[in-house]
Every structure is written in C-alpha cells, then in structure tokens.
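# Structure of the sequence below:
(one chain, ligands or ions: 3)
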Amino acid sequence: MNKEIVTNRTFMNRKDPSTLDQLSIEELAAKLEPDLLPKHIAIIMDGNGRWAEPRNLPRIAGHREGIKSVREMITVCLELGIHALTIYAFSQENWNRPVQEISSLMGLLEYYLSTERSKLIEQGVRLRTIGRLDSLPSSALQWVRAAEQETAHLDKLHLTIALSYSGRTELVDAVRELLHDAQEGKLQPDDVDESRIQRYLYTHDLPDPDLLIRTSGETRISNFLLWQLAYTELYFTPTLWPDFRRRELLLALLEYQRRERRFGRVLSAMSS
Ligand code: IPE
Ligand code: IPE
Ligand code: MG
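Ligands and ions are numbered 1, 2, ... in the order given. As a prediction, this is how the structure comes out:
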C-alpha cells in the first residue's frame with residue numbers, strides 16, 4: 001500500500017548525484033570535449049533589471065553587475081579556445097526605454113570601454129561592434145571607435161558587441177547596399193545567392209553562431225541575428241545575466257555537446 005509508484009516523472013525528479021548540477025566547476029570542465037566546442041557563441045544578455053529589483057537596487061546596478069559576467073565569458077572563451085563571442089548589449093528597440101536608463105547604459109558602455117581597453121589588448125581580444133552606431137551619443141561612439149582601432153590587430157578572440165542593433169535593420173541595410181551595387185552594374189540579379197547576401201551583412205567576416213544563449217527565462221530571439229541563427233543551437237536558461245558566470249557557461253556548453261546537429265539531413269548520411 002505504501003509502495004511508491006515510480007513514474008518517469010518521479011524518477012526524473014529524484015536527486016541523482018551524477019547529474020551535472022551536483023558537479024564542481026572543475027568536474028564540469030573536465031567533461032567538455034575540446035573537439036565538440038562551438039566556434040562561435042552568441043549571447044542575449046537578459047535579466048539585469050530583474051536581478052536588481054529584489055535587491056531594491058536601481059536597474060543600472062543590474063547592468064553594472066552584468067559587466068562582470070561579460071568579463072567572465074571572455075576569460076572562459078579564451079581559456080577554451082573559442083574564437084568568436086557575440087553579445088547583444090543594446091537593441092534598436094531599447095531606444096524606447098526611459099531616457100534615464102538609456103543614458104546610464106551609454107555611460108556604462110563608456111566606462112567599460114575606457115577601463116577594459118588595456119585588459120582586452122593584453123588578452124588578445126579584437127573588439128568590434130555591429131548595429132546602427134550613428135545613433136549612439138558621440139562620446140560613446142568615440143570610445144567604441146578607439147577600442148576597435150586599438151584592438152584591430154588582435155585575433156585570439158573576436159568579440160562582437162551588438163549595439164543599437166536590429167536583425168531586421170541589418171537585412172534592410174544589406175538589401176540597400178546590394179541594390180546600390182546593382183545600380184552601379186557591380187552585380188546582376190542572378191548573382192544574388194546566400195553567400196552574396198552573407199557578404200553584405202554586418203557579420204560578413206564571422207561564421208554563423210553555433211550556440212545562442214539567452215538568459216532570464218525569455219524564450220525569444222528579440223530581433224537578434226535573424227539570418228545568422230538559421231541553424232544555431234538555442235539554449236535558454238532562467239539564470240539572470242548577472243548570475244550567468246563560468247559554471248552556467250560550462251553547463252550550456254555541455255548541453256550543446258549533447259545535441260545532434262543534423263542540418264536537415266539524416267544522421268546516417270552525415271559522414272558520407
Ligand atoms: C538586459 O537586461 C540588458 C539590456 C537589454 C540593455 P534588461 O535591462 O532587459 O533586464 P530585464 O529583462 O528588464 O530584467
Ligand atoms: C534583448 O533584451 C536585447 C538585449 C539583451 C540587449 P530585451 O530585454 O530588450 O528584450 P525583450 O524586450 O524582452 O524582448
Ligand atoms: Mg530584458
């Protein structure tokens with residue numbers, strides 16, 4: 001009568017000491033297979049405001065804490081030999097936020113670029129940005145351009161910061177530029193194929209992301225890299241961005257390594 005009815009669900013809910021949750025950071029890192037790591041990780045860094053709220057802190061405190069997560073992502077990518085990291089820092093839609101939050105965010109961007117510059121250079125990080133940057137305040141834009149120039153010769157990690165970015169706008173800009181070139185006779189309609197369009201994107205010299213991480217429990221793309229994410233593995237976690245540190249990244253990478261990337265094919269045909 002007291003016998004426990006074991007369903008899949010109760011079975012799954014039991015605390016299993018072998019689950020990844022129980023493992024230390026070192027044990028998690030040891031489980032990574034170097035050959036199966038993503039070459040390019042994209043991150044939608046979300047949940048800064050919700051991190052600050054229960055602490056009775058202003059939203060900007062969450063954004064500030066989020067910078068520590070950015071630093072840690074850069075360090076872990078460098079350690080693991082992951083060559084490209086693209087982070088969504090500010091969307092074009094984010095211009096619709098209260099003026100005060102926008103100006104704090106722009107101030108934080110300047111602070112990050114001014115204080116982090118020498119460390120990025122030391123680490124061999126090339127920093128670039130994507131988005132309609134002409135909307136940025138001129139002082140922020142100057143810091144961005146200076147950081148891009150000063151790191152242009154580096155290539156250990158390609159760090160791309162999406163700022164005032166919109167995936168649809170990126171496609172609009174690509175089509176415009178392509179039509180200009182067509183008008184000048186540089187290409188014909190039949191020349192347009194996927195690789196040609198890729199060459200007109202802001203990300204023309206980056207491979208498509210292998211893994212997209214979005215923090216904070218939202219399961220949407222929010223206008224990020226619409227073209228590039230066609231076959232990217234998506235990883236959603238409830239962890240808020242300021243709490244997303246080394247351990248959470250390792251968990252995401254281990255989950256990525258469990259996935260079968262089929263690209264529309266059947267598995268038996270993949271090796272042929
Ligand atoms: C992400 O955190 C950072 C930006 C969009 C600039 P949010 O500011 O969106 O934080 P939540 O989602 O409101 O918690
Ligand atoms: C997406 O987060 C943009 C960035 C992380 C920069 P948002 O918080 O702006 O996205 P929504 O509004 O939840 O879709
Ligand atoms: Mg948000």
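# At the contact with ligand 1, which residues of the stretch 151-272 of the chain appear?
Within the stretch 151-272 of the chain, the positions adjacent to ligand 1 are residue 216 by Cβ under 6 Å from any ligand atom. Every C-beta, even on glycine, is put in place using the N, C-alpha and C of the backbone.
# Tell me which stretches of the stretch 151-272 of the chain form strands.
Secondary structure of the stretch 151-272 of the chain (DSSP state E, counting those that start in this stretch): strands at 157-165, 211-214, 233-236.
# in the protein, what secondary structure element scores lowest on mean pLDDT?
Every helix and strand in the chain was compared by mean pLDDT, DSSP states H and E; the lowest is helix 8-13, with a mean of 39.
# Check which element follows it along the chain.
Taking DSSP states H and E as the definition, the helix or strand that follows helix 8-13 towards the C-terminus is helix 25-31.
# so residue 36 makes contact with residue 257?
Yes. The pair residue 36 / residue 257 is scored as a contact, 4.6 Å apart, by Cβ atoms under 8 Å.
# Quickly find the element holding residue 52.
Assigned by DSSP H and E, residue 52 belongs to helix 48-52.
# Packing partners of that helix?
Helices and strands in packing contact with helix 48-52 are listed as helix 59-80; criterion 3 or more Cβ pairs under 8 Å, 6 or more residues apart in numbering; DSSP states H and E.
# quick one: buried residues of the helix it packs on?
59-67, 69-74, 76-78, 80 (16 or more other Cβ atoms under 10 Å).
# how about it against ligand 2, any contact?
No. Helix 59-80 stays clear of ligand 2 (Cβ under 6 Å from any ligand atom), getting no nearer than 9.5 Å.
# residues contacting residue 229?
With contact set as Cβ atoms under 8 Å, 6 or more residues apart in numbering, residue 229 has these partners: 42, 208-209, 212, 221.
# Show the subsequent helix or strand relative to the longest helix along the chain.
Counting residues, the longest helix in the chain under DSSP state H turns out to be helix 99-123. On the C-terminal side of helix 99-123, the nearest following helix or strand under DSSP H and E is strand 125-130.
# what lines up beside that next one in the sheet?
Sheet neighbours of strand 125-130, with direction, are listed as strand 157-165 (parallel) (DSSP bridges).
# Can you pull out the residues in contact with the partner strand?
74, 77-78, 82-92, 95, 109, 120, 123-133, 135-136, 144, 202-203, 206, 223-225.
# returning to that earlier point: which strands or helices does the longest helix of the chain pack on?
Identification of packing neighbours for helix 99-123 by 3+ Cβ pairs under 8 Å, 6+ apart yields helix 59-80, strand 84-91, helix 138-150, strand 157-165.
# hang on, the earlier thing: which one among the contacts of residue 229 gets closest to residue 172?
Using Cβ to Cβ, residue 221 is the member of the contacts of residue 229 that sits closest to residue 172, with 17.0 Å.
# For that closest one, which residues are in contact?
Taking Cβ under 8 Å, 6+ apart as the definition of contact, the neighbours of residue 221 are 44, 167, 212, 214, 229.
# with these in mind, which one is nearest to ligand 2?
For the contacts of residue 221, the closest approach to ligand 2 (Cβ to the nearest ligand atom) belongs to residue 44, at 4.8 Å.
# Can you list phi and psi of the closest one for me?
According to degrees, to the nearest 10, the main-chain angles of residue 44 amount to phi -100, psi 100.
# residues touching it, list them.
The contact partners of residue 44, by Cβ under 8 Å, 6+ apart, come to 88, 212-215, 221-222, 224.
# What distance do you get for residue 143 to ligand 1?
As judged by Cβ to the nearest ligand atom, to the nearest Å, residue 143 and ligand 1 stand 17 Å apart.
# Reformat the strands of the stretch 151-272 of the chain as JSON lines; add mean neighbour count and mean pLDDT.
As requested, the strands of the stretch 151-272 of the chain are exported to JSON lines (neighbours: other Cβ atoms under 10 Å; pLDDT from 0 to 100):
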{"stretch": "strand 157-165", "mean neighbour count": "24", "mean pLDDT": "98"}
{"stretch": "strand 211-214", "mean neighbour count": "24", "mean pLDDT": "98"}
{"stretch": "strand 233-236", "mean neighbour count": "17", "mean pLDDT": "98"}
